[in-house]
Every structure is written in C-alpha cells, then in structure tokens.
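S.K.: Take this sequence and fold it.
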Amino acid sequence: MHDITAAFHEVKQRIAAASEEAGRPADAVTLVAVSKTFDADEIRPVLDGGQRVFGENRVQEAQGKWPALRAAFPDLELHLIGPLQSNKAADAVALFDVIETVDREKIAAALGAEITKQKKDLRLYVQVNTGSEPQKAGIEPTEAVAFVSRCRDVHGLKIEGLMCIPPADENPGPHFALLEKLSREAGVAKLSMGMSGDYETATAFGATSVRVGSAIFGSR
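M.R.: Residues are numbered from 1 along each chain as shown. Below is the predicted model:
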C-alpha cells in the first residue's frame, strides 16, 4: 500500500536537497501538493504532516472537499492549477487564494471584475505555453510580457508570477529557462514550474514553487 506520509516527507527532503545543490536556501521552493482526484481522507495525512499549500485542477471538485478542510485547518492556501472557464470565475475567486492559470483576455477581465466585486486579495500567475502546443492552455511566450502588463494595467490584477507545463516528451530544462527569462522581462518574482517527474530540475532553474501530486499521493 502506498504510504502517503512517507512519500510526502521524501519529496520535501528532495526539494531541500535540490535547493542546496543549486546554491539556494533550503526553504526557497514552496511545495504545492496537488490533491486533484484525492479525497479528504487521503489529504489529511499530508495536512497532519504540516503541509498547508495545495493545488486543485477543477473548481467544482475543490468546492466539494476544501471548505470542510479549511474549517479544520484555517491557515490553508489553495491554488487553482487547472484551466479556468469564465463562467466559473466567481466560484474560483471565492474559493482559491491563488489562481495560476490566467491565460487569455476573457479570463483576465472576468477575474478582475470578480476580485473587485468580492473584495478579495487574490494572487495570480500567468500560464505560458512554453512549447506552443495547440492542445494546451497558456499564452504564447512571445505575447507573455505584454499580456502581464495588460493584466495589471487594464484589469487591475495582481500578477505575481508565471507558470508553465513543458511538453511531456521534451527536456524540461529549456522550458524552465525560458519561463525564468520571461519572468525577469515581465517584472514578476514567482515561478511555478516542475511537477512529480521534474521538480528537482525546476528547482535548479529557479522555481519558487513546484506542483507535485503523484509522487506524494500515488498514481490516480
């Protein structure tokens, strides 16, 4: 049987080791534990182990399990890391603390309106499609810097970082390097990059958060 607690601690240790190897402080990288498709009973051992930052892909699924968990653990930080439809913007703003998938004008406008309406202090990331994959969400790399500016200036959004998901069949290093370069050009400090298979590589390239699911919770 998969030991979620042991796996969680191993991931934490490997992030710290990768940070040290890269000459970065041991706490330079935030672990976002990706709990999509896992229920509250499977999440609780990780909460009991001290983890407070979690990522979910779908607004509706998150609505079903996180309000009760947040009541028990009020210092939780919840990230939306999956694609957001504009008709779910109100629900997303109400539930999440961070939305990592701002990737088009329509979503930026919907989020801006809802953040103002709900008076929420929401932190946001622009998702960049570093591999220009037609099936994948994200703004094109050549448009990313200008889009960050529009999000701030036109829609009043607090963009604190960039996020990417490199193509599955490519070396992720060049994609992480591209995202880091774009972050400097856009004037944002945070980089959400790296998942279960490549979070140590992402740490070496300057990730400030990594999104790790199956390495902690097991296969879905």
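S.K.: Contacts only, for the residue nearest to Ala94 when sequence neighbours are not counted.
M.R.: Here the nearest residue to Ala94 in space, its sequence neighbours aside, is Gln118; by Cβ to Cβ, 6 or more residues apart in numbering that works out to 6.3 Å. In this view, the C-beta of every residue, glycine as well, is placed from N, C-alpha and C. Contacts of Gln118 were listed using Cβ atoms under 8 Å, 6 or more residues apart in numbering, and they are 90, 93-94.
S.K.: Out of these, the closest to Ser192 would be?
M.R.: Ranking those by separation from Ser192, with Cβ to Cβ as the measure, puts Val93 on top at 18.6 Å.
S.K.: what ranges do the strands span in the chain?
M.R.: If DSSP state E is used as the criterion, the strands of the chain fall at 30-34, 53-56, 77-80, 98-102, 123-128, 159-164, 190-192, 209-212.
S.K.: how much space is there between the residue nearest to Ala94 and Phe96?
M.R.: Plainly put, Gln118 is 11 Å away from Phe96 if you go by Cβ to Cβ, to the nearest Å.
S.K.: and if you look at Ala177?
M.R.: Between Ala177 and Phe96 the distance is 28 Å, computed by Cβ to Cβ.
S.K.: More neighbours: which of the two?
M.R.: Just comparing Ala177 and Phe96: by other Cβ atoms under 10 Å the higher neighbour count belongs to Phe96, 24 against 13.
S.K.: what's around the closest residue to that one other than its chain neighbours, how many residues?
M.R.: If you skip the residues right next to it in sequence, Phe96 has Leu80 as its closest partner in space, 4.6 Å away by Cβ to Cβ, 6+ apart. Using other Cβ under 10 Å, Leu80 has 26 neighbouring residues.
S.K.: Could you measure from Leu80 over to Glu185?
M.R.: Here the distance between Leu80 and Glu185 works out to 25 Å (Cβ to Cβ).
S.K.: likewise Lys136?
M.R.: 22 Å.
S.K.: Quick one: list the elements packing against the lengthiest helix in the chain.
M.R.: In the chain, assigned by DSSP state H, the helix with the most residues is helix 4-21. Based on contacts counted as 3 or more Cβ pairs under 8 Å, 6 or more residues apart in numbering; DSSP states H and E, the elements that helix 4-21 packs against are strand 30-34, helix 40-48, helix 199-204, helix 214-217.
S.K.: before we move on, back to that, top of the contacts of Gln118 by number of neighbours, please.
M.R.: Neighbours were tallied for each of the contacts of Gln118 (criterion: other Cβ under 10 Å), and the maximum of 23 neighbours falls on Val93.
S.K.: tell me the contacts of it?
M.R.: Each residue near Val93 by Cβ under 8 Å, 6+ apart is listed here: 99, 111, 114-115, 118, 120, 122.
S.K.: got JSON lines for those, with pLDDT and distance to Leu31 too?
M.R.: Compiled in JSON lines, the contacts of Val93 are given as follows (pLDDT from 0 to 100; distance: Cβ to Cβ, whole Å):
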{"residue": "Ile99", "pLDDT": "98", "distance to Leu31": "18"}
{"residue": "Leu111", "pLDDT": "98", "distance to Leu31": "25"}
{"residue": "Glu114", "pLDDT": "97", "distance to Leu31": "28"}
{"residue": "Ile115", "pLDDT": "98", "distance to Leu31": "26"}
{"residue": "Gln118", "pLDDT": "98", "distance to Leu31": "28"}
{"residue": "Lys120", "pLDDT": "95", "distance to Leu31": "24"}
{"residue": "Leu122", "pLDDT": "96", "distance to Leu31": "21"}
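S.K.: Good, we can wrap up now.
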